[in-house]
Every structure is written in C-alpha cells, then in structure tokens.
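Trainee: Here's a sequence, model it:
(4 chains)
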There are 2 protein chains.
Amino acid sequence: MNDMKNLTIQDIAEKAGVSIKTVSRVFNNAPNVRQQKRDLVLGVARELGYRPNISARQLASKRSFVLIHFYDNPNMDYLSGIYDGMRAACSEKGYYAVAERLSLHNRSYKDSLLDYLTRSPVDGVILSPPISDDKAVIREIEKRNIPCSLISPGIKKRHCINVFIDEKTAGRKMTEFLIARGHTKLAFISGLDTHTASSQREAGFWSAIEAHGLKRKDMVRIGGDFSMQSGFTAFEKLAKSKTRVTGVFAGNDEMAIGTIIAALRAGMKVPEDISFVGFDDSAFARSMWPPITSLAQPIGEMAGLSAKKLIDWIDTKERAENDFEFPTEIMVRDSCP
Amino acid sequence: MNDMKNLTIQDIAEKAGVSIKTVSRVFNNAPNVRQQKRDLVLGVARELGYRPNISARQLASKRSFVLIHFYDNPNMDYLSGIYDGMRAACSEKGYYAVAERLSLHNRSYKDSLLDYLTRSPVDGVILSPPISDDKAVIREIEKRNIPCSLISPGIKKRHCINVFIDEKTAGRKMTEFLIARGHTKLAFISGLDTHTASSQREAGFWSAIEAHGLKRKDMVRIGGDFSMQSGFTAFEKLAKSKTRVTGVFAGNDEMAIGTIIAALRAGMKVPEDISFVGFDDSAFARSMWPPITSLAQPIGEMAGLSAKKLIDWIDTKERAENDFEFPTEIMVRDSCP
DNA sequence: AAGTCGTTTGACAACGTTGTCAATATTCGT
DNA sequence: ACGAATATTGACAACGTTGTCAAACGACTT
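Mentor: The predicted structure follows:
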C-alpha cells in the first residue's frame, strides 16, 4: 500500500561506481574502506536520500537492531523518561527502542517473555525495577546470551550493565534537607518493601536521623505502596499518631500528592503547618500546587547510557565497565521551600 | 548474540510432507488450502513451536505488518489506553503496534515523520488529537497511500476511518447531570481552543443551559489548557468572579484535579460546598480523593476498532464503512455524587 | 624488480519468507 | 463418462541486505 519507491544499495552502488558490498560496509561503519570511497558513497546516498531497508538487514545479519525495555511499573512518567532516553541513544546508532510490559504477577509472564524473545529476537534488554531484580527473568535472558542492562537493581549483577543512583545517600540527603529546614519531627512514608530501592531510601532516612542526634520516637514510619491512594490513608494514620510531625518524606511523588491533598482537606496549610518532600521529580510533582520539593534522578540519561553501553557491548562483543552511578539533585519547590 | 535456533518454513514443510508454499499459505490464512492440509501443517507447527520470521516476511511481502500511532498528547493515561487497544487488535491478526510522538511544535516534525515512514514503512496509521486534525500530516500519509484512522477528529475525513464519540452530546449530558443534581450556577473550564473536541464539549454545555432555561449570566466560562496548573488558576479566577457557582464542569480530569485542590486549599468542602465533574475518566480521577465524577469514553475499544478496521482495509484493500461512533458513560463518584 | 604481507574491493551465495505462474487434482455439467 | 471449469499444489525466482572468501591493490622489504 505504501507507494513510495525505495532506493536500494544497488542504486547507490551504481551511481557511485562501486560494489554493493562497499556501500554496505560504509553503512555499517565497517573497517577497511578508503576514506575517499566512504565520502563518495555517503555523498551519493545523501543526495538520493537512501535509507537502508531494516527487514533485509535483519534477515541477512540475523540481528534485530532492537533494544527492548521490560517493565512492570505503572508510573508513566518514569517510563516515558526511560523511553525517551533509550530512543535518543538508539536512533543515534541505528537501533530501535521497544518497551514491553512484563507483569510479574501474571502467571504466564515467562511465556510472554519467551514468546517475545522468540518471535522478534532482540539484541539487547533493559530492565527497570522491579524487574531488574527478578532472577528468573535475568536467567532467561542470560541463557540466550543477550546483553542486558539493569536500571536501579537492588543487587548489582556482574554479567550485566548496572546503572543506578545511590538510593541510600539520596534518602539521607533528602532527610538532611528537611532537618536543615528546622524539622525535627518527621514522618517517612515508605513504598513497597519488595522494591529494594525503597528500603534503601528508608535506610538513608534513619541514618540521617541518627547522624543528627534526633530521637527515633519523634519519627513516624508509615507503610505505603507508591500509590496516591496510599498517600491519603497514610495521612489518616499520621493524624491518629501521637507524634505531631512538621515534615513528611514520601517515598515517591504520588504518595506525596495523596498525603498533601489529605492534609489540605483536613484544613492544614502547606508548607506553613506541614512540609512535604517527594521522590522522583515527576511531572505531577511539578504541576501540583504547591509544587513538590522532590529528588530528581536523571532517568533519561540513565536509560540513554544503558542503551549506549548495550550497543557498544553488542557491536564489540565485549564490555569495558559494568557499573555506572549517577548523581541526584533536590528540586526545591514550595511544598518545602 | 541470540543463540536460540529458529525453525523455518522448510522444517515444517519437510516434516508435514508438503511444499513450503503450502505452509506459507496456511500461515497467511490464504484461500485454497484443503482443510486437511491446513490442520496437518498447523499441528506440525505447533508441535515444533514454529514462529514465522518477521523480517523475512516483511522483506518478501513488502508489507511491514506494523500499525503506528502518532500522537502529541502528553496524557499518558489516554495514550496507554490507545496502545492497549491497538495491541490487542494487532496481535490477534499478527500485526505490530508502534507508538511514536510527533511533536507539532517541533520544526522538524515533518522530517521525523518522513524519516519514520521511509525507514520502516508502516502499513497503517492511527492519529489521535491534536494530530488527527493536522492537515499536513494527513496529506503526507495520503500521498503515500497508507490507510489511516483518525481518533476523535475535529472534522471527519472521507478518505480516512473516523472513530469518535459525540463530544457535543457528551458535554451536554455531563451538564445535564449537574443540573439534575440541582446545580443552577455553573462554571465551565475549557481546554485549548485548538482542540476541536474541547469546543464541542463547550457547545454541549451551552446547549444544555439553554434547553433547561438557565440564565447565561449565572454561568462562568474560564479558559484553561488541559493542565493541572490551569485548573489551579481557574479556581482563582472563579473566586474573583461575582457569580458563586456550586457546580464545576472541567474540560478534562487534570484541570478538575487542579481546581479541586485549589478549592480545598481555600477551605471549601467537596462536594458539600462545590461539586466537580471532569472528562476522560483517567486513572487520576479514580484515585483522587474525593474520586472525580467523570465522563468515560471507551478509548481502548476505539483504538481497537481503529486497528481492526485498518487491518481489514489493508488486507482487503477496501473499506466498507468510514465512521464509527462510540457511546460514552458518566462514571459517578464522590466529587459530584 | 620481485616477493611479501596487509588492506581494500567485489562476486556470489546466503537469510526465510511471499509472489507468480504453471502443473496437477478435483468437481461439475451434460 | 468426458471435457471444461475450478480448486489446490509446488518450483522457482524475487525481496534488499550481509557473510564469506577470493582477487586485486599497495606499500614495504629485500
């Protein structure tokens, strides 16, 4: 149905007066092509507007030029950050970025993984939490000998690329920010405990408390599940508690929003009566009113580096470094100015 | 790098004792294959776990088996609804669903469209608002003779499949819902005027006002831009207005959330002092507290039908019907019970 | 000037499917 | 029961790339 005539290597080769194989070499950055020919071919190709045919390439090379991101995290903001980062890095190198949800609670997740990997083989895999900690998934990928990168894994794997922030330090940094603002009675709203990063953030919280000589009994710890809803109920629990806190550290922005809304409904002023900090620097944290002070991790760059290193690994068949730590930044906004 | 051995048609053909062409026919649901052979081939294929190789298929047939959704709408909830609907319909027919952001504000959007269409040709395109009203994009697609489906277009196109709800009727229905709850002084918070659907919803609002003999001067019309932020500022404008409204109709859920939060901050009770209705039935409308009464459109089904009709069109090279209207439903929740 | 060795180039056969068209079964009409 | 018409099958050539391997070229050595 698509009527646009597509140029082939043949056309370029004829016009440039070289063999098709040389053109192929140029487009694959293969070694052993004289610079002069390389320029010639590139010039002709640009002039004619040639684009390699992916299918033929995949078929002949038995490579898919696809990196896939498996996720099971409903946070769209986080996902699109990853996707954008992957895309940018991929398209630069002629690869394609694909995202696929792999629900771990689904009985047949493994089948769908197998199915996916078999139907349209991928050259590299990126896993984000909580899948970056799923041993069964990692094993399947390893079994197929597919290069793999883990974003924020709880435990770093030697045979994978690991890309992460220091969650504990970040949690501590955020807590110290609250303390520096004069808050000495704090609440920590945790995420799911199965999410290793969440526990590490909490560890950072407690380490800050100890380091600054604050009393554990002035702190309230409430269990949440990362949802806005759990933020609402967290506030209710908070209101019932004997301790009157002035600062709340929510394990992510959605819970922060939920808690803030509940506080507003209860007639409290934010940040005058109670201050809030979140985690993730999501779009909603920015557009909430008051906007929420939140910890930003450069997720796009992290995904971009994942993709780039994965492609290097695929192309060269070896990996120089394994672990890449990224810095975080506190985005100060009105919920805790 | 992917070491899994892949079966070919050849393998199946040999084991089943037929020609490769017959196997090909079976997998393409081609006519003129005796049922007995069809079953035989299918049986062997299942037994061996055969999967057709997509690249080879694409190369030989010059079809991509890809439907692409071009969007420029930051609402992730809406997007994933569309994606899920597409996916379901596509995988049923052996097609692939792809989503690509096409930013209209980006100077080079047209290049990236061309680039995309040329690099990996697609068999069908789905456009969602606001792109479903972009003449330049539609023209490019038409020029290539690619079947195209428009979701909620402002103006229906004869040579495209149009899938939509009756926005005006929906706007009217929602307004009448407020009126039936006893609200006679209302506010309407509009979306971007470039978004045709938004104007139509507003038209529905005013038609309900007239039909029920309410006075135009008891109504407040505030211009928003679909963002949560614009919901906050809308409430400020509302507070300044002479008219004290008891019911607010926000053009989408995000603005509804913004407005509700502003109202809560101002010390108002929702829904006792002021009731709210939104539009889109997004996840946030459901998880907000109070949960927001909102108008649900079956976006997943709409996208699914788009994909299905597109595939029919591609396969048969003709189109029976053009226009498909879907029903809407008011999801009654606590913000306006 | 011939020999050697690495570098550059190209001819041709894959890759796993579908399209074309001719060959062979089957069914139908009389 | 016999052609004629139709339904089913298969052989073989695409599709546009990359892999392989041998040939041609160059720069050095001697």
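Trainee: Can you show me the strands along chain A?
Mentor: With DSSP state E as the definition, chain A shows strands at residue ranges A:66-71, A:96-101, A:124-127, A:148-151, A:161-165, A:186-190, A:220-223, A:247-250, A:275-279, A:293-296, A:323-326, A:329-331.
Trainee: Going by neighbour count, list what's buried in the last one.
Mentor: Taking 16 or more other C-beta atoms under 10 Å in any protein chain shown as the neighbour-count basis, strand A:329-331 is seen to contain the buried residues A:330-331. Quick note: C-beta positions are derived from backbone N, CA and C, even for glycine.
Trainee: That one pairs with which strands, and in what direction?
Mentor: strand A:293-296 (antiparallel) (DSSP bridges).
Trainee: Quick one: mean pLDDT for the partner strand?
Mentor: Summarised as a single mean, pLDDT over strand A:293-296 is 96.
Trainee: Which stretches in the stretch 51-200 of chain A count as helices?
Mentor: Counting by DSSP state H, counting those that start in this stretch, the stretch 51-200 of chain A forms helices over residues A:54-61, A:76-92, A:109-119, A:135-143, A:167-180, A:196-211, given from the N-terminal end onward.
Trainee: which one of those helices has the lowest average pLDDT?
Mentor: Of all the helices of the stretch 51-200 of chain A, mean pLDDT reaches its minimum on helix A:109-119 (a mean of 62).
Trainee: What parts of the stretch 1-150 of chain A come near DNA strand D?
Mentor: Applying C-beta under 7 Å from any atom of the strand, we find that the stretch 1-150 of chain A lies next to DNA strand D at A:6-10, A:20-21, A:24, A:27-28, A:50, A:52-53, A:56-57, A:59-61.
Trainee: what about burial for those residues, which qualify?
Mentor: Neighbour-count burial within these applies to A:7, A:9, A:24, A:27, A:50, A:52-53, A:57, A:59; the criterion is 16+ other C-beta under 10 Å.
Trainee: one step back: so which of the residues of the stretch 1-150 of chain A next to DNA strand D reach DNA strand C?
Mentor: Counting by C-beta under 7 Å from any atom of the strand, A:20-21, A:56, A:59-60 from these sit close to DNA strand C.
Trainee: still on that earlier bit, distance to B:G94 added to the helices of the stretch 51-200 of chain A, as a markdown table?
Mentor: Converted to a markdown table, the helices of the stretch 51-200 of chain A look like this (distance: least, C-beta to C-beta, whole Å):
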| stretch | distance to B:G94 |
| --- | --- |
| helix A:54-61 | 15 |
| helix A:76-92 | 25 |
| helix A:109-119 | 10 |
| helix A:135-143 | 24 |
| helix A:167-180 | 42 |
| helix A:196-211 | 38 |
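Trainee: Between the ones you listed, which one is closest to A:P290.
Mentor: With C-beta to C-beta, the closest approach to A:P290 among the helices of the stretch 51-200 of chain A belongs to helix A:167-180: 15.6 Å.
Trainee: pull the CA atoms of that closest one into CSV?
Mentor: Taking C-alpha atoms only, helix A:167-180 is exported to CSV below (Å, rounded to 0.1, in the frame of the first residue of the first chain):
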residue,chain,number,x,y,z
GLU,A,167,19.4,5.3,46.9
LYS,A,168,20.6,5.3,50.5
THR,A,169,22.6,8.5,50.1
ALA,A,170,19.7,10.1,48.2
GLY,A,171,17.3,9.2,51.1
ARG,A,172,19.8,10.6,53.6
LYS,A,173,20.3,13.8,51.6
MET,A,174,16.6,14.4,51.4
THR,A,175,16.2,13.8,55.1
GLU,A,176,19.0,16.2,55.9
PHE,A,177,17.3,18.8,53.7
LEU,A,178,14.3,18.5,56.0
ILE,A,179,16.4,18.7,59.1
ALA,A,180,18.3,21.7,57.8
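Trainee: For that helix, name the packing helices and strands.
Mentor: The helices and strands touching helix A:167-180, judged by 3 or more C-beta pairs under 8 Å, 6 or more residues apart in numbering or on different chains; DSSP states H and E, are strand A:186-190, helix A:196-211, strand A:247-250, strand A:275-279, strand A:293-296, strand A:329-331.
Trainee: Serialize these to CSV and add fields for distance to DNA strand C.
Mentor: Converted to CSV, the helices and strands packed on helix A:167-180 look like this (distance: least, C-beta to the nearest atom of the strand, whole Å):
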stretch, distance to DNA strand C
strand A:186-190, 49
helix A:196-211, 40
strand A:247-250, 51
strand A:275-279, 47
strand A:293-296, 45
strand A:329-331, 46
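Trainee: In a markdown table: those, plus distance to B:V248.
Mentor: Below are those laid out as a markdown table (distance: least, C-beta to C-beta, whole Å):
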| stretch | distance to B:V248 |
| --- | --- |
| strand A:186-190 | 30 |
| helix A:196-211 | 37 |
| strand A:247-250 | 28 |
| strand A:275-279 | 26 |
| strand A:293-296 | 28 |
| strand A:329-331 | 31 |
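Trainee: mind checking how far whatever residue of the stretch 201-337 of chain A ends up closest to DNA strand D is from A:V33?
Mentor: Among the residues of the stretch 201-337 of chain A, A:D315 lies nearest to DNA strand D; the distance is 11.0 Å by C-beta to the nearest atom of the strand. Taking C-beta to C-beta, to the nearest Å as the measure, A:D315 and A:V33 are separated by 17 Å.
Trainee: and if you look at A:G81?
Mentor: Relative to A:V33, A:G81 is positioned 38 Å away (criterion: C-beta to C-beta).
Trainee: More neighbours: which of these two?
Mentor: Set side by side, A:G81 and A:V33 give different neighbour counts by other C-beta atoms under 10 Å in any protein chain shown, the larger being at A:G81 (22 against 19).
Trainee: Give the closest residue to that one in space, chain neighbours not counted.
Mentor: A:I299 (4.1 Å; C-beta to C-beta, 6 or more residues apart in numbering or on different chains).
Trainee: neighbours of that neighbour, just the number please.
Mentor: Neighbour tally, A:I299, other C-beta under 10 Å: 24.
Trainee: give me every residue that touches it.
Mentor: A:78, A:81-82, A:85, A:151 (C-beta atoms under 8 Å, 6 or more residues apart in numbering or on different chains).
Trainee: Could you single out the nearest of those residues to A:D225?
Mentor: Distance to A:D225, by C-beta to C-beta, is smallest for A:Y78 among those, at 15.6 Å.
Trainee: residues touching the residue nearest to A:N6 when sequence neighbours are not counted, list them.
Mentor: Of all residues beyond its chain neighbours, the one nearest A:N6 is A:N53 (6.7 Å), with distances taken as C-beta to C-beta, 6+ apart. Applying C-beta under 8 Å, 6+ apart to A:N53 gives the contacts A:6, A:8, B:59.
Trainee: which stretch among the helices and strands packed on helix A:167-180 comes nearest B:A208?
Mentor: The closest approach between B:A208 and any of the helices and strands packed on helix A:167-180, judged by C-beta to C-beta, belongs to strand A:275-279 at 39.5 Å.
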